[in-house]
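K.L.:
3D model of this:
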Amino acid sequence: MSFFESEIVQEEAKKLFTDYQNLMKLGSDYGKFDREGKVMFIDSMESLMERYKVFMKRFELSEDFQAKMTVEQLKTQLGQFGITPDQMFEQMNKTLERMKSELDK
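P.N.:
Residues are numbered from 1 along each chain as shown. Below is the predicted model:
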């Protein structure tokens, strides 16, 4: 069975995509949230980023050709912006840390 035929992989991909879309939609009102709402949003984003890292690590560790190609495509796409996947995650974490530091302002 190929990597993408795995029911577990398909379900996690769908859940990650749906959760991401929902958070982005919710995040459009971030400025209107009270402090607790902002904390919940940041926590949800951190959790989503960790799940995405684990998901991507599965791709990297897989021997499946399609999984390896997916990793290479991501690297190529990010490379067009001058960053690596690790730098992408680092930047996302910096953004979340900045959001945390601005909670009480």
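
K.L.:
give me the low-pLDDT residue ranges for the protein?
P.N.:
1 (pLDDT under 70).

K.L.:
Let's see that with 50 instead.
P.N.:
Within the chain, no stretch falls below the threshold (pLDDT under 50).

K.L.:
the helices in it, which residues?
P.N.:
Per DSSP state H, the chain carries helices over the ranges 7-27, 35-61, 65-79, 85-101.

K.L.:
Output those in CSV, with mean neighbour count appended to each entry.
P.N.:
Heads up, the C-betas are built off the backbone N, CA and C, glycines and all. Below are the helices of the chain laid out as CSV (neighbours: other Cβ atoms under 10 Å):
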stretch, mean neighbour count
helix 7-27, 12
helix 35-61, 14
helix 65-79, 13
helix 85-101, 13
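
K.L.:
how close does the residue nearest the centre of the chain sit to Lys32?
P.N.:
Nearest to the mean C-alpha position of the chain, by Cα atoms, centre = their mean, lies Met49 at 3.9 Å. Met49 is 23 Å from Lys32, where distance means Cβ to Cβ, to the nearest Å.

K.L.:
Next: Lys25.
P.N.:
Lys25 is 13 Å from Lys32, by Cβ to Cβ.

K.L.:
go on, Lys53?
P.N.:
Counting by Cβ to Cβ - Lys53 and Lys32 are separated by 29 Å.

K.L.:
And for Pro85?
P.N.:
From Pro85 to Lys32 the distance is 32 Å (Cβ to Cβ).

K.L.:
How about Leu48?
P.N.:
Shown here: Leu48 relative to Lys32, a distance of 21 Å by Cβ to Cβ.

K.L.:
got it, and Ile83?
P.N.:
In terms of Cβ to Cβ, Ile83 sits 31 Å off from Lys32.

K.L.:
Which residue of the two possesses the greater neighbour count?
P.N.:
Neighbours around Ile83 and Lys32, counted as other Cβ atoms under 10 Å, are more numerous at Ile83. The numbers are 15 against 8.

K.L.:
List the contacts of that one.
P.N.:
By Cβ atoms under 8 Å, 6 or more residues apart in numbering, the contact list for Ile83 reads Gln91.
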